[in-house]
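Chemist: have a look at this prediction, sequence included:
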Amino acid sequence: MEAVLVPFVFVFIALILQAGEVKSNAEEEALTSLRNSLADPNNVLASWDPTLVTPCTWFHITCNSDNRVVRLSLYENKIEGTIPADIGNLTKLMALDLRANSISGTIPPSLGQNLQSLTFLGLEDNRLTGQVPHELGNIPNLKFLNISNNNLCGFLPIELLRVPTLDWSNNPGIGKVCP
């Protein structure tokens with residue numbers, strides 16, 4: 001009986017390891033997509049090497065005990081570019097800090113669709129445009145959202161008013177219909 005169970009145990013362990021690898025690959029792909037969408041004049045993302053075993057060794061990344069990305073902080077690094085939708089694949093992310101850069105484009109709806117653990121979202125002092133996606137209102141534990149000092153327009157999702165620390169100031173188009 002034991003001889004029959006041994007192969008099943010190895011198959012089970014291999015499946016568990018493969019499932020963990022798939023999650024890690026999705027996170028690595030999301031971070032690589034972010035890296036590829038950004039211009040990095042100060043070379044702060046030089047450690048983001050996809051040949052390393054895990055992104056948990058990269059600068060500006062913090063992981064939990066399961067090697068899942070929980071914090072991404074690129075605060076004040078003169079980074080330019082856009083936020084790719086793939087960032088939503090960092091499903092355990094609790095803090096995303098992209099404040100004080102030159103990031104442009106729109107806020108991807110995937111932030112609100114997939115980042116259900118997010119408590120901190122700092123996007124202020126960038127060049128973001130378009131509407132604030134209503135999906136951001138779906139993040140149940142969001143405690144801090146700062147989108148001030150951008151070029152956002154439209155109306156804030158009513159659900160965001162429950163966020164304890166919310167700043168949307170200095171967006172001339174907020175409260176107005178987007179062009």
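Modeler: Alright, I've got the coordinates. Keep in mind it's a predicted model, so treat the numbers as computed, not measured.
Chemist: residues in contact with the helix or strand where residue 70 lies?
Modeler: For residue 70, the element it lies in under DSSP states H and E is strand 69-73. Residues from elsewhere that reach strand 69-73, judged by CB atoms under 8 Å, 6 or more residues apart in numbering: 27, 31, 55-56, 60-64, 90, 92-97, 117. C-betas here are computed from N, CA, C, even on glycine.
Chemist: again, only using 7 Å
Modeler: For strand 69-73, contacts defined as CB atoms under 7 Å, 6 or more residues apart in numbering pick out 27, 55, 60-64, 90, 92-97.
Chemist: from those, which is closest to residue 129?
Modeler: Lowest distance from residue 129 to the contacts of strand 69-73 (CB to CB) belongs to residue 96, with 18.4 Å.
Chemist: doesn't the closest one fall inside a strand?
Modeler: Yes - with DSSP: H, G, I helix; E, B strand; the rest coil as the criterion, residue 96 is part of a strand.
Chemist: quickly list what it is bridged to.
Modeler: Counting by DSSP bridges, residue 96 forms beta bridges with residue 72, residue 121.
Chemist: wait, what's in contact with it?
Modeler: Contacts of residue 96 (CB under 7 Å, 6+ apart): 72, 118, 120, 121.
Chemist: ok, now which ones touch the second one?
Modeler: With contact set as CB under 7 Å, 6+ apart, residue 118 has these partners: 93, 94, 96, 139, 142.
Chemist: which residue ranges of the chain form helices?
Modeler: With helices called from DSSP state H, the chain shows them at 2-36, 110-114.
Chemist: just give me the neighbour total for the residue nearest to residue 56 when sequence neighbours are not counted.
Modeler: Nearest non-adjacent residue to residue 56, counting by CB to CB, 6 or more residues apart in numbering: residue 63, 3.7 Å away. Counted with other CB atoms under 10 Å, the neighbours of residue 63 add up to 18.
Chemist: and the gap between residue 63 and residue 72?
Modeler: 10 Å (CB to CB, to the nearest Å).
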